[in-house]
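> let's see this in three dimensions:
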Amino acid sequence: MDSDRQLKLWYSKYNAKWFGGELPTDTVIYWKPLSADAGKSCPIFEVADGKFEINIDPKHSGTDWAWKLILLHEMAHLKLWKKFPRHQHGKAFQEEMQRLSQAGALKGIW
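As a prediction, the model looks like this:
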């Protein structure tokens, strides 16, 4: 499946600006309805060795701040993936979100 064009554009922009271009450029990002229990784990998947997919629920598509915040959230997980595979929201993740906030990534969307 190909990435949604708008989501991929923002992923690329955020990757360059907030992650130093370190995240995989071939990550696939698209809108996909999520189940009610999706809140228990984030919708980021390693679909092959070093190949990732991020799903964002289309119910957020009409609210720019919501899907942009979700995208940054998932990108933070992706940054930590090699060191903490399937890591949830512990200390390393909280520190990464704080880094993003202090750098200004969340300004206007949080």
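> I figured Ser61 was touching Trp67, is that so?
Yes - using Cβ atoms under 8 Å, Ser61 is in contact with Trp67, at 6.3 Å. To be clear about C-beta, it is placed using only N, CA and C from the backbone, and glycine gets the same treatment.
> between these two, point out the one with more neighbours.
Set side by side, Ser61 and Trp67 show more neighbours around Trp67, with 21 against 14, by other Cβ atoms under 10 Å.
> how about Ala66, what does it touch?
Neighbouring residues of Ala66 by Cβ atoms under 8 Å, 6 or more residues apart in numbering: His60.
> what strand or helix carries it?
Using DSSP states H and E, Ala66 sits in helix 64-80.
> what's the answer for Glu96, then?
Going by DSSP H and E, Glu96 is in helix 91-103.
> what packs against that helix?
When contacts are defined as 3 or more Cβ pairs under 8 Å, 6 or more residues apart in numbering; DSSP states H and E, helix 91-103 packs onto helix 64-80.
> list the buried ones in the helix it packs on?
Neighbour counts over helix 64-80 (16 or more other Cβ atoms under 10 Å) mark 67-80 as buried.
> how about the nearest residue to Val47 once chain neighbours are set aside, phi and psi?
Spatial nearest neighbour of Val47, chain neighbours left out: Glu53 (5.0 Å); criterion: Cβ to Cβ, 6 or more residues apart in numbering. Dihedral pair for Glu53: phi -140, psi 140, per degrees, to the nearest 10.
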